[in-house]
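# Make a model of this:
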Amino acid sequence: MKFEKLDLNLLVALDALLTERNVSVAAERVHLSQSAMSGALNRLREFFKDELLINIGRRMVLTPRAESLAEPVAEMLLQVKTMITTPPEFDPATSDRRFSVIASDYVADVLLADALRRTHAEAPGISIEVLLPDDTLSERLERGEIDLLINLEPYLAPFHPRELLFEDDFVLVAWTGNDLVGEAVSFDQFFELTHVAVQHGRNRHPAFDQWFLERFGRTRRVEVFSPNFSLVPQLVLGTRRIATMHRRHAEHYARFLPLRLLPSPLDIPTVREMVQWHKFKRRDPGVQWLQRTLRDHAATLPKPGVPRPIPPGPDLPNLLAATIGRSRTPDLSSPFPPRIISQPTRSAEARGGERRRWGTATCVSSSQAPVAMSAAPSPAGC
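Next comes the predicted model:
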């Protein structure tokens, strides 16, 4: 079929060529032979009266004309694809649709884990692929390869709808046995102590707190770099290191681990976690259902500083100990609280009391472990 003398089938080949900038790879992407793709390129060059791709050394680069075509051609094809593949209705109870969501492990811990328990009950037939952020997340959103992107507000793609999920600020995290940390950490002490910091992706992008410090010309003594947020508490336990964590994430781990939460001596701004979707999916009933589900669950999140109960679950360390014949006597020298290896023969009431006791000792406040969940002011208000 031709439109204004252009074979519309060539637009698919053109998009692949402009994206891949390689005839062989473009041919493989759209399931053509290399000779067929070369023929399509010649026809496109004839129609546009432009070389489109030219060889420079061992690589092909786009001409200015091709650069101007790349975005509108990709958008047009994506809009057509969305129009013909999006079901007019979405019933979560009967759907077997697959969704993709990009979110950090921090967001997975504080939001997605609980929210996806709700989708499991409401939409048992769907599947959701949770992908970690990488250096290509903006491009993947632009190409319509993902349904939802959850990220900090400054890092969202422009020109696409977005909505606030929740806000968070930062606290310091230390092991309860860290004898270098008292009831608070001063500004000078913050830069004297060793730290655990997070760096993301292949290019080792710093997390927001590290970016904030570098912006103002201060450098921490980073002893360990973690590839994600969830590993940070483990790298603090049993050491004199400290870490700067999102308050909600720190509170999440302080329910299970012997961690102390202290106010940060730095006025790090509050961060806003947003959910974003491609503008062509704003009428996709499935994507909008998932987006509303996350938004509604985010609205139920407790405010930072409010303790959350420890969810019930099997006493896994004791089950493993019983399996391999190890002793289940609590090791008080361990950085982990005895609750984790409590005797399974204790009553549920006793175990619940133990959980509450450890939750209070490590998450809220006491004379021996002054945690400042509610004492630390929001950096945005300092």
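
# can we go C-alpha only for contacts and neighbour counts from here?
OK.

# tell me, how many neighbours does Arg98 end up with?
Number of residues near Arg98 (other Cα atoms under 10 Å) recorded here: 12.

# right, and Arg97 touches Gly125 too?
Yes. Arg97 lies in contact with Gly125 (Cα atoms under 8 Å); the separation is 7.4 Å.

# for stretch 261-279, which positions count as buried?
261-266, 268-269, 271-279 (16 or more other Cα atoms under 10 Å).

# Also stretch 129-138?
So, applying 16+ other Cα under 10 Å, buried residues of stretch 129-138: Val130, Pro133, Asp134, Leu137, Ser138.

# Same question for stretch 154-173.
So for stretch 154-173, counting by 16+ other Cα under 10 Å, buried means 156-157, 162-173.

# okay, who's weakest in those residues by pLDDT?
The lowest pLDDT within the buried residues of stretch 154-173 belongs to Ala157, with 83.

# so that residue makes contact with Ser138?
Yes. In this structure Ala157 lies within contact range of Ser138 using Cα under 8 Å: 5.8 Å.

# re earlier: mind checking which of the buried residues of stretch 129-138 land in helices?
Using DSSP state H, the members of those that fall in helices are Leu137, Ser138.

# tell me which of the buried residues of stretch 129-138 is nearest to Gly177?
Proximity of these to Gly177 (Cα to Cα) peaks at Pro133, which lies at 33.5 Å.

# Give me the pLDDT for the closest one.
For Pro133, pLDDT reads 87.

# again, but for Arg357
Predicted confidence (pLDDT) for Arg357: 31.

# Start the count at 26 instead of 1 going forward.
With 26 as the first residue, the last one maps to Arg382.

# can you count the residues close to the closest residue to Arg245 other than its chain neighbours?
Once flanking residues are discounted, Arg245 sits nearest to Phe216: 5.4 Å by Cα to Cα, 6 or more residues apart in numbering. Residues lying near Phe216 (other Cα under 10 Å) number 15.

# secondary structure element for Phe216?
Using DSSP states H and E, Phe216 sits in helix 212-217.

# State the mean pLDDT of that helix.
Averaged across helix 212-217, pLDDT comes to 90.

# three-state assignment of Thr269?
Under DSSP: H, G, I helix; E, B strand; the rest coil, Thr269 falls in the strand class.

# This protein: helices as residue ranges?
34-45, 48-54, 59-73, 89-110, 130-132, 138-147, 162-167, 212-217, 233-240, 257-261, 272-279, 310-324, 341-349, 373-388.

# Turn those helices into CSV, including distance to Asp116.
Output for the helices of the chain, formatted as CSV (distance: least, Cα to Cα, whole Å):
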stretch, distance to Asp116
helix 34-45, 32
helix 48-54, 32
helix 59-73, 41
helix 89-110, 16
helix 130-132, 26
helix 138-147, 10
helix 162-167, 24
helix 212-217, 52
helix 233-240, 38
helix 257-261, 40
helix 272-279, 33
helix 310-324, 8
helix 341-349, 37
helix 373-388, 39
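
# rank the ones you listed by mean pLDDT and give me the bottom one.
helix 373-388 (a mean of 34).

# What about Asn34, how many residues nearby?
Applying other Cα under 10 Å, we find 11 residues neighbouring Asn34.

# give the contact list for Ala140.
Residues in contact with Ala140 (Cα atoms under 8 Å, 6 or more residues apart in numbering) are Thr318, Leu319, His322.

# Now flag whichever of the residues you listed is closest to Ala128.
Leu319 (12.0 Å).

# The closest one: neighbour count?
Counted with other Cα under 10 Å, Leu319 comes out at 20.

# likewise Val126?
22.

# Does it touch Glu170 like I think?
No. The criterion here is Cα under 8 Å, and Val126 misses it with Glu170 at 9.8 Å.

# looking at the helices of the chain, which is buried most?
helix 272-279 (a mean of 24; mean count of other Cα atoms under 10 Å).
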